[in-house]
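Enquirer: A predicted structure for the sequence below; I have some questions about it.
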Amino acid sequence: MLVKWLIGAAALALLPLAAHAQSYDERPAKPVLSTEGFNFERRTVEIAMRDGVKLHTVILVPKGAKDAGILMTRTPYNADGLTGIQKSGDLGSVLDGYDNAPDVVTGGGYIRVVQDVRGKYGSQGIYMMNPAQAGTKWNPTKTDDSTDTYDTIDWLVKHLPESNGKVGILGISYDGFLPLMALINPHPALKVAVPMNPMVDGWRGDDWFHNGAFRQTNMPYVWEQVATKDNSSPWISSYADDYDLYLNGGSAGAIGKAHGLEQIGFWNKIVAHPAYDSFWAEQAMDTVLAKQPLKVPTMLVASQWDQEDIYGATAVYRALKPKDTAGNMVYLSMGPWYHGQEIGAASNLGPVKWDQDTGKTWRRTVLSPFLAHYLKGIPMDVAPVTVFESGTNEWRRSNKWPIAEATTPLYLKPGETLGFEAATGAAQTVEYVSDPAKPVTFVPRPVAPVGYDGDHWTAWLTSDQRPVSGRPDVLSFTGAVLTAPVTIAGVPVVHLTASTSGTDSDWVVKLVDVYPDQVPGDRAMGGYQLAVAMDIFRGRYREGLGNPKPLAANVPLKYEFALPAADHVFLPGHRIMVQVQSSWFPLYDRNPQTFVPNIFFAKAGDYVKATQKIVVSGADASFVALPVVK
């Protein structure tokens with residue numbers, strides 16, 4: 001009995017422990033973060049849209065804010081992450097990273113708002129990549145980023161007593177596309193927009209294609225951005241060198257299939273629309289906004305060496321500026337930056353130095369006063385066009401862009417020479433053999449994946465072109481040493497007359513500044529070949545961007561296409577070079593050089609060598625028309 005009693009007593013003694021075990025857990029049921037010493041208040045709200053979908057929104061209110069403007073960014077890149085870059089109670093520190101320009105936010109005393117777009121991270125709803133306007137063929141739903149922006153602004157001005165009721169929107173890249181969408185039926189409280197490096201036309205010259213050539217190294221982005229809500233499913237590659245990944249994979253379509261991209265709706269749209277059909281044309285934001293009235297003062301921001309969206313900002317400027325009859329609604333800024341570099345340190349781009357921190361200068365003298373004018377009523381002195389002139393490395397103010405039209409021919413001549421006077425005599429050609437099995441790289445191997453955090457990707461447009469200039473499948477037309485400066489400020493236009501032994505071909509043309517063999521004080525730049533403007537054109541679209549046709553083999557044909565905008569001075573002692581080649585790999589998919597209906601599905605046997613001949617004299621001599629400032 002005693003034993004039984006002892007066992008029973010022990011069991012009873014354990015009952016309080018079991019009943020109250022949870023009270024011994026040293027973790028709080030729901031931790032509350034201390035805000036001691038914070039100079040801002042963080043609020044997280046789920047804002048209901050007109051269809052009931054709630055969008056995750058982070059609001060950072062400076063301590064003591066009163067009558068403050070609201071500076072808003074909408075993003076598919078994680079609002080919580082973009083507003084918590086550092087673990088800090090300092091507003092500038094938590095914003096010290098992508099898409100925030102913390103010096104502008106804190107210096108202006110703005111309320112910072114960052115919101116996840118529908119279907120990404122903390123927001124409800126479906127996700128579509130860069131969704132078109134609601135109620136159209138390409139977006140049959142009743143909502144889009146313009147309606148979501150309107151509904152968000154409406155909530156903000158009604159629920160933020162610290163604000164003055166004035167809202168500005170800005171953002172980079174995809175986040176730069178979203179301010180453009182906000183300009184469609186804008187909310188009356190939207191007082192200013194700054195789309196920076198915006199995605200505008202994915203076929204003409206932004207993320208997905210350039211003049212019909214597919215930017216296949218963006219395939220990992222498509223997978224990671226769309227496959228999951230929080231980008232948690234990574235693109236997996238077993239190659240250390242992207243050159244091998246894309247060469248061994250065959251066509252872009254075959255690579256996509258091997259990596260599961262056929263599960264992604266946006267990928268299937270890309271593959272189904274390789275030409276510039278209505279899918280691309282009707283969603284291009286320059287075209288969309290050209291049909292809208294100007295209601296919100298807007299500054300388009302472009303990077304002259306933007307490795308991702310070099311086309312969009314100036315395209316929207318061209319579309320909107322003619323509507324700006326008073327001259328106070330549409331502004332343009334262009335700096336010597338890679339994609340988005342304007343919000344960070346920008347004293348150099350790769351080895352090229354600008355003699356100043358161009359990002360800080362621009363934010364202080366252009367962006368900050370522009371926003372303050374419309375959000376705080378402070379007078380500003382911002383020119384309609386602010387552009388950095390590389391070569392002299394000086395900021396220039398102008399009333400228009402382009403400053404000069406492309407009316408000065410720079411001729412490709414026999415002997416791979418170059419000059420402002422055409423060669424005399426009968427037609428001649430210079431030739432090379434393009435082999436898809438040995439494509440020309442856009443950067444030296446090994447090729448790191450796109451998105452690699454370093455100059456390999458961010459600064460590749462300013463990378464030295466000498467590694468390819470000696471290849472037998474790259475022509476390097478070089479002019480004499482300059483005795484006087486040559487200034488260009490506008491859009492160079494390629495006028496290429498060429499034949500191919502194949503039935504399709506890509507043409508890559510580069511306008512290059514060749515530095516003197518020795519540069520005192522900057523030895524690394526001795527002989528450097530700096531690309532000022534360069535791009536690619538897929539030959540099948542010679543007769544129409546939406547009308548692919550085979551090329552007549554061995555027949556000289558004319559190709560005309562624009563290079564990216566440039567404001568540059570070729571200094572005395574330098575030389576001008578124009579390079580011509582037929583591949584730019586693995587950034588762009590290989591042209592098989594045999595016409596097939598859809599290059600995404602080209603077979604191994606379609607890829608053939610081709611002899612390329614460039615006409616360099618006679619009535620149809622090739623040239624690049626330069627926008628020379630007289």
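Expert: Received, thanks.

Enquirer: Phi, psi for the residue nearest the centre of the chain please.
Expert: For the chain, the residue nearest the mean C-alpha position is D309 (2.8 Å; CA atoms, centre = their mean). The phi and psi torsions at D309 (degrees, to the nearest 10) take the values phi -130, psi 70.

Enquirer: Quick check: it vs S173, distance?
Expert: As for D309, its distance to S173 is 6 Å (criterion: CB to CB, to the nearest Å). Glycine gets a C-beta too; all of them are placed from N, C-alpha and C.

Enquirer: swap in D80?
Expert: 19 Å.

Enquirer: out of the two, which sits in the busier spot?
Expert: For the pair D80 and S173, the greater number of neighbours falls to S173 (24 against 13), based on other CB atoms under 10 Å.

Enquirer: Quick check: the more buried one touching E308?
Expert: Yes. Between S173 and E308 there is a contact under CB atoms under 8 Å: 6.5 Å.

Enquirer: so who does A524 touch?
Expert: P351 (CB atoms under 8 Å, 6 or more residues apart in numbering).

Enquirer: List the residues that contact the residue nearest to the centre of the chain.
Expert: With CB under 8 Å, 6+ apart, D309 has these contacts: 173, 176, 197-200, 206-207, 339.

Enquirer: let's see it at 6 Å
Expert: By CB atoms under 6 Å, 6 or more residues apart in numbering, D309 lies in contact with 197, 199, 206.

Enquirer: so is K360 in a helix, a strand, or just coil?
Expert: With DSSP: H, G, I helix; E, B strand; the rest coil as the basis, K360 sits in helix.

Enquirer: residues in contact with it?
Expert: With CB under 6 Å, 6+ apart, K360 has no contacts at all.

Enquirer: who touches stretch 606-616?
Expert: Against stretch 606-616 from outside (CB under 6 Å, 6+ apart): 412-414, 427-436, 497-502, 556, 580, 582, 592-594, 596, 621-622.

Enquirer: and those residues, which are buried?
Expert: 412-413, 428-430, 432, 434-436, 497-502, 556, 580, 582, 592-594, 596, 621-622 (16 or more other CB atoms under 10 Å).

Enquirer: which residues of the stretch 301-450 of the chain fall in helices?
Expert: Under the criterion DSSP state H, counting those that start in this stretch, helices of the stretch 301-450 of the chain are mapped to 312-320, 358-362, 368-376.

Enquirer: Format these as TSV; extra columns: distance to P140 and mean pLDDT.
Expert: Output for these, formatted as TSV (distance: least, CB to CB, whole Å; pLDDT from 0 to 100):
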stretch	distance to P140	mean pLDDT
helix 312-320	25	98
helix 358-362	41	98
helix 368-376	35	98
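
Enquirer: Could you single out the most deeply buried of these?
Expert: Comparing the helices of the stretch 301-450 of the chain by mean neighbour count (mean count of other CB atoms under 10 Å), helix 312-320 ranks first with a mean of 23.

Enquirer: Send me it as CSV with only the CA atoms.
Expert: Listed next in CSV are the C-alpha coordinates belonging to helix 312-320 (Å, rounded to 0.1, in the frame of the first residue of the first chain):
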residue,chain,number,x,y,z
GLY,A,312,12.1,52.6,-72.4
ALA,A,313,12.6,56.0,-70.8
THR,A,314,13.5,57.9,-74.0
ALA,A,315,10.7,56.1,-75.9
VAL,A,316,8.1,57.4,-73.4
TYR,A,317,9.7,60.8,-73.6
ARG,A,318,9.4,60.8,-77.4
ALA,A,319,5.8,59.8,-77.1
LEU,A,320,4.8,62.4,-74.4
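
Enquirer: The strand or helix carrying Y559 pairs with which strands, and in what direction?
Expert: Assessed by DSSP states H and E, Y559 sits inside strand 557-562. Take DSSP bridges as the rule and strand 557-562 pairs in its sheet with strand 493-500 (antiparallel).

Enquirer: got the contact list for the partner strand?
Expert: 406, 507, 509, 554-556, 558-562, 610, 612-615, 620, 622-625.
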